[in-house]
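J.: model this:
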Amino acid sequence: MWTDNETDVDYLNFSGVAETVAELVVQANARPISIGVAGAWGVGKSSMIKLVQVELKRRQSERNRFVFVTFNAWLYQGYDDARASLMDVIGDTLQREAQARKTGIEKTTEFLMRVRWTRVAKLAASVAATAAGFPPMALATTALDTVKKVLGGEDASAGSQTIEDAVHKAAEGGAGFLEPKTEYSPPREIDALRTSFADALHELGVTLVVLIDDLDRCLPETTISTLEAIRLFLFLPRTAFVIAADDQMIKHAVKRHFAGLDDELVTNYFDKLIQIPIRVPTLGIQDVRAYMMLLYVENSALAAESKEIVRAATIKQLRQSWQGKRVDVSFIQSLGVDLPPELVGRLNSAYRLATIMASASRIQGNPRLIKRFLNTLAIRLTIARTNGVTIDEAVLTKMLLLERCAPPKAFNDIATAVTKSADGHAELLRLHEDAALKGNTSELPIPWNEPFIAEWLSLSPPLADQDLRGVLYVSREHAPLISPEDRLSSEAALLLTALVDQPDMGATLKPRLILLPPVELATIMQRLLLRAAKEQQWGAPKILTACMAVADADAAQGPLLAAFLSELPPAQLQPSIVPKISGRSWTPSVYDRWDKVADVSAPVKAAIRRELKK
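T.: Numbers count the residues shown, from 1 in each chain. Below is the predicted model:
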């Protein structure tokens with residue numbers, strides 16, 4: 001299994017672009033620069049940001065000193081104002097840097113206090129504008145509490161008293177806030193904030209590199225708030241902004257926020273923020289092939305040193321692909337690393353699939369979708385293994401590809417043919433594969449005449465003579481393939497529907513589940529695990545309650561659930577799952593597996609130790 005997390009290790013031949021971005025920042029020589037890293041969902045923008053930071057760290061020197069701020073606006077959405085949050089993060093980072101260097105402390109503290117006063121000024125303006133419409137004392141108390149939280153610390157005590165007096169004026173009728181303060185001017189405050197920021201950077205002698213990620217995941221309001229904060233610090237000396245986002249989503253947010261702007265003005269707004277636009281490279285067949293191979297290598301039992309040898313050599317080879325250099329199984333085998341036969345088989349599978357993964361309309365070489373495809377494949381192989389179902393991995397992979405990328409009717413046609421067949425063969429595939437071999441797929445019925453399916457039919461291995469019952473048994477995520485001889489009874493079908501629709505009610509259904517025969521409970525568990533495979537966070541999801549109810553009703557289902565939980569990606573595990581599954585006969589094997597996996601978090605392992613002491 002592979003986690004869907006960004007990485008600072010290059011698996012996509014992005015290091016060349018990351019080096020270019022880093023060089024642009026270095027060559028700016030403390031002059032302001034803003035760089036946009038654009039690309040659609042899942043193409044690797046977050047990893048590109050990580051790689052840029054790695055490359056800049058390599059270029060640190062007495063002349064080029066960088067301080068990094070990584071900001072994810074999506075994390076603050078719904079909890080805090082993104083603009084204020086970004087300013088806070090920048091201020092806190094500069095203050096920590098000044099304390100570590102023992103220089104520039106006064107300037108950075110002044111800047112941080114101005115940032116905090118910006119929050120206070122916004123609060124005061126809000127109170128002034130709304131005092132007449134709310135109960136005065138409630139308004140004053142809420143405002144005062146908020147102000148004290150914003151300022152914090154003894155350095156702000158005088159300012160806090162000033163705001164306290166103003167808030168109590170609001171409590172007496174609001175007139176105090178409505179009287180203009182001649183000494184306060186927003187333009188002057190903004191200018192002073194920028195000047196203080198520039199002075200702090202000059203005193204520290206560093207370039208602040210702000211790495212903005214996940215902006216395209218935000219609601220339009222959060223997106224604009226973050227962009228406005230960026231605009232406040234843009235084009236000041238010793239600043240570099242690297243912004244990773246889907247430019248089309250950002251333009252959509254701008255258009256939504258500033259109603260009435262035409263496309264040209266929206267583009268102009270975006271272009272004023274981004275001096276140098278760079279797109280994440282589209283992966284070609286060679287890149288996809290190398291990426292899939294490296295994923296298999298990373299997930300193998302090879303030693304870490306061997307994995308790095310393969311990765312580094314593969315990326316180096318890709319950077320020379322324009323000269324005709326190829327990444328294939330022979331190349332990987334030539335690196336002097338002893339590859340286990342199982343890994344070689346998967347490398348061959350990656351080689352065969354690369355072309356269609358790069359060109360299929362629903363994948364198009366998207367790294368995140370490729371990883372999800374391989375994760376689904378791994379889950380189904382685990383389900384097959386724990387159920388004692390013999391499956392050819394290449395056949396399963398080919399069928400999963402059809403399920404993922406083709407119209408549902410094609411998969412359903414095969415499922416129907418297999419269900420009616422006595423030997424599990426889909427005879428319609430014999431005619432269709434023959435047509436693909438002869439190049440006559442255009443004469444096939446819809447959807448079998450589509451270009452993607454024509455290419456899929458030509459993939460190895462041919463499926464016409466394969467018994468597909470086992471593959472279909474573990475392949476349906478929306479409805480299990482149930483052959484006529486083991487179709488569910490009406491009671492079992494009713495319970496399955498109840499568990500799928502209301503999984504948290506599983507415990508109340510246990511008395512009825514106990515009365516079902518084991519073969520039906522096995523089918524129900526299979527269906528629930530396919531649904532569970534879609535979960536991304538494993539604390540105590542409702543579907544787990546349903547699975548545990550079936551395992552409690554039939555002891556034979558416990559090991560199957562245990563095997564599934566043992567294979568979950570470590571990053572998805574949360575401490576609350578440990579007590580959730582405690583007290584079952586199959587629980588110790590799961591605890592033992594999680595405890596031995598290095599990537600399982602310390603809180604999860606601590607929860608396991610607490611449960612074992614009970």
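
J.: dump the residue contacts of residue 600.
T.: Counting by C-beta atoms under 8 Å, 6 or more residues apart in numbering, residue 600 touches 570, 573, 594. Where you see a C-beta, it was placed from the backbone N, CA and C, and this is true even at glycine.

J.: Please repeat the previous calculation with a cut-off of 10 Å.
T.: 568, 569, 570, 571, 573, 593, 594, 608 (C-beta atoms under 10 Å, 6 or more residues apart in numbering).

J.: so when I look at residue 526, I'm seeing a strand, right?
T.: No. Under DSSP: H, G, I helix; E, B strand; the rest coil, residue 526 sits outside any strand and is assigned helix.

J.: Dihedrals phi and psi, residue 275?
T.: Main-chain torsions, residue 275, degrees, to the nearest 10: phi -80, psi -40.

J.: Is it in contact with residue 239, as I believe?
T.: No. Taking C-beta atoms under 10 Å as the definition, residue 275 is not a contact partner of residue 239, at 11.6 Å.

J.: so what sits against both of the two?
T.: 28, 32, 33, 34.

J.: tell me the phi and psi of the second one?
T.: What that stands for is residue 32. According to degrees, to the nearest 10, residue 32 has phi -70, psi 140.

J.: what about the closest residue to it other than its chain neighbours, how many neighbours?
T.: Leaving aside its chain neighbours, residue 32 sits nearest to residue 235 (4.5 Å; criterion: C-beta to C-beta, 6 or more residues apart in numbering). Neighbours of residue 235 under the rule other C-beta atoms under 10 Å: 14.

J.: Residue 272 now?
T.: Count around residue 272 with other C-beta under 10 Å applied: 12.

J.: pLDDT at it, what is it?
T.: With respect to pLDDT, residue 272 scores 83.

J.: That one contacts residue 231, doesn't it?
T.: Yes. Counting by C-beta under 10 Å, residue 272 does reach residue 231; the two are 8.2 Å apart.

J.: Pull out the buried residues from stretch 425-436.
T.: 425, 426, 428, 429, 432, 433, 435, 436 (16 or more other C-beta atoms under 10 Å).

J.: just the residues you listed now: which is nearest residue 370?
T.: residue 436 (24.1 Å; C-beta to C-beta).

J.: gap between the closest one and residue 391?
T.: 23 Å (C-beta to C-beta, to the nearest Å).

J.: what's the answer for residue 345, then?
T.: When residue 345 is compared with residue 391 (using C-beta to C-beta), they lie 14 Å apart.

J.: Among those two, which residue is more densely surrounded?
T.: Neighbour totals were compared for residue 345 and residue 391, and residue 391 leads with 21 against 15 (other C-beta under 10 Å).

J.: Can you list which of the buried residues of stretch 425-436 are found in helices?
T.: 428, 429, 432, 433, 435, 436 (DSSP state H).

J.: and stretch 578-593, how far out from the chain's middle?
T.: Chain-centre distance of stretch 578-593: 28 Å, with C-alpha atoms, centre = their mean, to the nearest Å.

J.: for stretch 65-81, same thing?
T.: For stretch 65-81, the distance to the chain centre is 16 Å (C-alpha atoms, centre = their mean).

J.: and that stretch, which residues are buried?
T.: Across stretch 65-81, burial judged by 16+ other C-beta under 10 Å covers 66, 67, 68, 69, 71, 72, 73, 74, 76, 77, 81.

J.: To which secondary structure element type does the fifth one belong?
T.: At residue 71, secondary structure determined by three-state DSSP is strand.

J.: And it, how far from residue 47?
T.: In terms of C-beta to C-beta, residue 71 sits 17 Å off from residue 47.

J.: all helices of the stretch 201-350 of the chain, in order?
T.: For the stretch 201-350 of the chain, the helices defined by DSSP state H, counting those that start in this stretch occupy 220-233, 247-257, 263-273, 285-298, 304-318, 329-333, 341-359.

J.: Contacts for the second one, please.
T.: Contacts to helix 247-257, defined as C-beta under 10 Å, 6+ apart, come from residues 36-41, 215-228, 243, 245-246, 261-263, 265-270, 273-274, 277, 279.

J.: Just the buried residues from those residues, in PyMOL please.
T.: A single PyMOL command selects the buried members of these (16+ other C-beta under 10 Å):
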select buried, resi 36+37+38+39+40+215+216+217+218+219+220+222+223+224+225+226+227+243+245+246+261+266+269+270+273+274
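
J.: what's the closest non-adjacent residue to residue 227?
T.: Closest to residue 227 by C-beta to C-beta, 6+ apart is residue 273, at 6.2 Å.

J.: other SSEs contacting whichever strand or helix holds residue 51?
T.: Residue 51 is part of helix 45-58, with elements assigned from DSSP states H and E. Applying 3 or more C-beta pairs under 10 Å, 6 or more residues apart in numbering; DSSP states H and E, one finds that helix 45-58 contacts helix 15-27, strand 33-38, strand 66-72, strand 207-213, strand 239-245.

J.: Which elements pack onto the second one?
T.: Counting by 3+ C-beta pairs under 10 Å, 6+ apart, the packing neighbours recorded for strand 33-38 are helix 15-27, helix 45-58, strand 207-213, helix 220-233, strand 239-245, helix 247-257, helix 263-273, strand 276-279.

J.: taking the mean pLDDT, what do you get for the fourth one?
T.: The one in question is helix 220-233. pLDDT averaged over helix 220-233 gives 85.

J.: ok and it relative to strand 66-72, angle-wise?
T.: Using axes from the mean of the first three to the mean of the last three C-alpha atoms, to 10 degrees, the direction of helix 220-233 lies 160 degrees away from that of strand 66-72.

J.: what do you get for the third one?
T.: Taking the same axes, to 10 degrees, one finds that strand 207-213 is oriented at 20 degrees with respect to strand 66-72.

J.: Neighbouring strands of strand 207-213 in the sheet, and parallel or not?
T.: Using DSSP bridges, strand 207-213 pairs in its sheet with strand 66-72 (parallel), strand 239-245 (parallel).

J.: and if you look at the last one?
T.: Sheet pairing of strand 276-279 (DSSP bridges) gives strand 33-38 (parallel).

J.: ok and the strand it pairs with relative to helix 15-27, angle-wise?
T.: Using the same axes, to 10 degrees: strand 33-38 against helix 15-27 is 160 degrees.

J.: How many neighbouring residues does residue 287 have?
T.: Residues near residue 287, counting by other C-beta under 10 Å: 22.

J.: Which residue ranges make up the domains of the protein?
T.: 1-102+206-281, 104-194, 283-350, 360-487, 490-613 (automatic domain parsing).

J.: on that earlier part again, for residue 104, see how far away the residue nearest to residue 32 is.
T.: From residue 235 to residue 104 the distance is 21 Å (C-beta to C-beta).
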